[in-house]
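K.L.:
mind looking at a prediction? Sequence and model below.
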Amino acid sequence: MDLALIGRTLGFTVLTTALACALALVVATIYASFVKSPWSHLSFWRAISSIPPVLVGLLVYLLFSRQGPLGFLRWLFTPRALVVAQFLLAMPMAISLCLQQRVNLPRDMEEFIQVNLPSRRVKAMMLHLRGSLVNIGFLTWGRILGEVGAATMSGGAIVGYTATLATEIMYRTNLGQFANAVAMGVVLLLISLVPSMVLEVTGRAQR
């Protein structure tokens, strides 16, 4: 098993998840300070989260292709384009999960947020979200860990450069190398199960 491939997959997805969760935290605190009823906004972000990944990949491809508006950056089929595609996939989900926490605020905290200054609202919301960030991060990470369409269209699935476990499984399957594909699939499955195991253990510890 190629350890570099595993490391590259984890590196891309963890970086993207961290960026998406950081932005989601900022957005959620802004909503806490200035938006009294975020229900309609939550529905919007949920809808954006359901966009097919291949369409996100197409968008990134058109942006960074040589004829595209950002073609001068020459990012297409590089790790940068791959991270951008994964970020665009992860960001709406992270924001919707954070906003869900905003919608489900306890009554006492809701009253506190409504009557206090914006600076104190932001602080209270960040403290409230802090306990949920691990769950949000793992769920967002799971969204992009096994993604193939956007990763292939933006990064090119170049072996040793932008290929991830998911794209490599597809590549090996197309070559008829089923043993390698199954082995990589098992590794990807084990990696994807780690967050669930961690959440289960931490949940039991808290109870």
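P.N.:
Great, that's in hand.

K.L.:
not counting its neighbours along the chain, what's nearest the residue most central in space within the chain?
P.N.:
In the chain, the residue lying closest to the centroid (C-alpha atoms, centre = their mean) is residue 90, at 2.7 Å. Distances taken as C-beta to C-beta, 6 or more residues apart in numbering put residue 20 closest to residue 90, at 3.8 Å, once the chain neighbours are dropped. C-beta: built from backbone N, CA, C; applies to glycine.

K.L.:
just the buried positions in the one helix or strand the residue nearest to the centre of the chain maps to, please.
P.N.:
Take DSSP states H and E as the rule and residue 90 turns out to sit in helix 79-103. Residues 79-102 are the ones in helix 79-103 that count as buried (16 or more other C-beta atoms under 10 Å).

K.L.:
show me what the longest helix along the chain is packed against.
P.N.:
Using DSSP state H, we find that the single longest helix of the chain is helix 3-34. Contacts defined by 3 or more C-beta pairs under 8 Å, 6 or more residues apart in numbering; DSSP states H and E place helix 3-34 against helix 79-103, helix 118-130, helix 133-145, helix 165-174, helix 178-206.

K.L.:
same thing but 7 Å
P.N.:
Under the contact definition 3 or more C-beta pairs under 7 Å, 6 or more residues apart in numbering; DSSP states H and E, helix 3-34 sits against helix 79-103, helix 118-130, helix 133-145, helix 165-174.

K.L.:
got JSON lines for those, with distance to residue 71 and mean pLDDT too?
P.N.:
Formatted as JSON lines, the helices and strands packed on helix 3-34 follow (distance: least, C-beta to C-beta, whole Å; pLDDT from 0 to 100):
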{"stretch": "helix 79-103", "distance to residue 71": "11", "mean pLDDT": "91"}
{"stretch": "helix 118-130", "distance to residue 71": "38", "mean pLDDT": "70"}
{"stretch": "helix 133-145", "distance to residue 71": "24", "mean pLDDT": "89"}
{"stretch": "helix 165-174", "distance to residue 71": "23", "mean pLDDT": "96"}
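
K.L.:
would you list those in TSV and tack on distance to residue 12?
P.N.:
Formatted as TSV, the helices and strands packed on helix 3-34 follow (distance: least, C-beta to C-beta, whole Å):
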stretch	distance to residue 12
helix 79-103	6
helix 118-130	25
helix 133-145	8
helix 165-174	10
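
K.L.:
return the residues in contact with residue 23.
P.N.:
residue 91 (C-beta atoms under 7 Å, 6 or more residues apart in numbering).

K.L.:
show the pLDDT at it.
P.N.:
Confidence at residue 23, expressed as pLDDT, is 92.

K.L.:
pull the contacting residues for residue 160.
P.N.:
Neighbour list for residue 160: empty [criterion: C-beta under 7 Å, 6+ apart].

K.L.:
does it lie in a helix or a strand, and which?
P.N.:
Residue-wise, residue 160 maps onto no helix or strand under DSSP H and E.

K.L.:
and it, how far from residue 2?
P.N.:
As for residue 160, its distance to residue 2 is 9 Å (criterion: C-beta to C-beta, to the nearest Å).

K.L.:
check residue 11 too.
P.N.:
The gap separating residue 11 from residue 2 is 14 Å, by C-beta to C-beta.

K.L.:
repeat that for residue 28.
P.N.:
For residue 28, the distance to residue 2 - C-beta to C-beta - is 38 Å.
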